[in-house]
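Asks: Task: produce atomic coordinates for the following.
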Amino acid sequence: MAEPSSPMQNLWKPELYKIQLDAPTPKPLSCLKILTEYERKPNFYGNEYHGRMGHLEAEDLLNNKADGTFLLRRSPSARDYYTLSLRFDERTKHFKIYYKFGHGHYLQEQSKRFESIHDLVADGLVNFYMQQHAAPIIQEINQQTGNSYHQSPYMTLNRRKLRALSNELRKSIANKFDGLDDSEIKAVTEENDLSSTKNMENTTKMKENDADSILPFIYEKVHAFKVHTFKGLNWCEVCANFLWGFTAQGVKCDDCGIIAHSKCSELVPAKCIPDLKRIRGVFGTDLTTVVQLYQCSIPFVVQRCVEEVEARGMLQEGIYRVSGFADEIDALKLALDRDGEKTDLSETAYGNINVIAGTLKLYLRLLPVPLITFQAYPNFMDAARTFNKDDQVKEMSEAVKKLPLAHFNCLKYMMEHLKRYNGLYLQ
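Replies: Residues are numbered from 1 along each chain as shown. Okay, here's the model as predicted:
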């Protein structure tokens, strides 16, 4: 499906996501003894609370347990904190933990807050595992330069949108400057906080130039980045790596919506365009996130494109082999992101049906987690290599069960479509 020349090949980097999938998960060790009134369980802990216990006794209980196994206890000398004893890398680690009503569970005052102990432990295990297995990737993220931004998914996915919005801004700024003398131009730009002293020195020259040269010099708006807890699976739009963890995984601009690792956000230039937020769309967004957001079983991009192909492309040879024009596919992508389900895909708007098919391929290619997920892919391949038909069906059935519901529904929809196309074409 992927054209070798496509600039959007391998847009997202899956390595950190795969590493997180392999991280150990929380396994609470239930307390079997009856706690005394003096050491009764706090109402914000569960059966993993073991009352008053020293670290040696905790280590004995956790010895030889699987990574991720944990218990909560009250150290004999503790006053205002509890202790989390956690098994990781075949060792037992101990952490002071706190709970504040309305704020949740946390390790120290300035650290992340969690709604449950399970979430705190899960996030900690992922971070430990990342430090152990993803150090080179994290180091690479921390050593990026400003050039990374220009080849980032943010620019790749939004180039046409940014160009259109930038043209609108240029026209707006050009109209604002039209007919003003240099002193008036300076007053306007200072009032709107659009330029620096260096920019002002070039104002007269910019006024004489074509409008296309205005924005890079005088448009300046700092991004409103804030630490954000992302639901579902999300990737950094600057470095293309996964936002690992479960709480406060990165930052998001309140104005334009760009998301990034905190370190990566430092590379983003001060050219925030708030209007981009309303046309960010669904291309490059995790499939499960899309169906939850739109309350549907099949993403509207897939459904609309398939319906159009079946309406006027079923007899065309190589409908998914022959590529449409790249600029037309890019234009349709922008239209789908901007207008959603109301996008006009008719023959009048897009006479070349290969553009519709190409846009569908592009949508599937830009999924951060492929339609057949990383977890399920090996099982599908094993099933395909099985020669016995009955065994193959059985293995394929087991492989399908590993797919998230959104991926299963979409794959089923696509397979039924391809079956109809193949059956009709071969008649």
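Asks: can we go C-alpha only for contacts and neighbour counts from here?
Replies: Will do.
Asks: Quick one: the helices in the stretch 251-400 of the chain, in order.
Replies: Using DSSP state H, counting those that start in this stretch, the helices found in the stretch 251-400 of the chain span residues 262-265, 287-294, 300-312, 326-339, 353-365, 377-384, 389-400.
Asks: With Lys18 as the reference, name the closest of those helices.
Replies: helix 377-384 (12.4 Å; C-alpha to C-alpha).
Asks: what's that closest one packed up against?
Replies: helix 389-400 (3 or more C-alpha pairs under 8 Å, 6 or more residues apart in numbering; DSSP states H and E).
Asks: Quick check: the gap between His103 and Phe242.
Replies: The span separating His103 from Phe242 equals 27 Å under the rule C-alpha to C-alpha, to the nearest Å.
Asks: Please say which of those two ends up with more neighbours.
Replies: Phe242 (24 against 11; other C-alpha atoms under 10 Å).
Asks: The more buried one reaches Gly232, doesn't it?
Replies: No - in this structure Phe242 lies outside contact range of Gly232 using C-alpha atoms under 8 Å: 11.4 Å.
Asks: show me what contacts Glu90?
Replies: 64-67 (C-alpha atoms under 8 Å, 6 or more residues apart in numbering).
Asks: where are the low-confidence patches of the stretch 1-150 of the chain?
Replies: Residue ranges of the stretch 1-150 of the chain with pLDDT under 70: 1-9.
Asks: Quick check: Thr289 touching Gly281?
Replies: No - if you go by C-alpha under 8 Å, Thr289 and Gly281 don't touch, sitting 11.9 Å apart.
Asks: Compare those two (neighbour count), which wins?
Replies: Between Thr289 and Gly281, counted using other C-alpha under 10 Å, Gly281 has the larger neighbour count: 19 against 16.
Asks: what's near enough to touch that one?
Replies: Neighbouring residues of Gly281 by C-alpha under 8 Å, 6+ apart: 336-338, 340.
Asks: hmm, which of these are the buried ones?
Replies: Among these, those scoring as buried are 336-338, 340 (criterion: 16 or more other C-alpha atoms under 10 Å).
Asks: Which one of the contacts of Glu90 is nearest to Asp123?
Replies: For the contacts of Glu90, the nearest to Asp123 is Asp67 (13.9 Å; C-alpha to C-alpha).
Asks: and that closest one, that's in a strand?
Replies: No - using DSSP: H, G, I helix; E, B strand; the rest coil, the assignment for Asp67 is coil, not a strand.
Asks: Give me the neighbour count for it.
Replies: Other residues within reach of Asp67, judged by other C-alpha under 10 Å, total 20.
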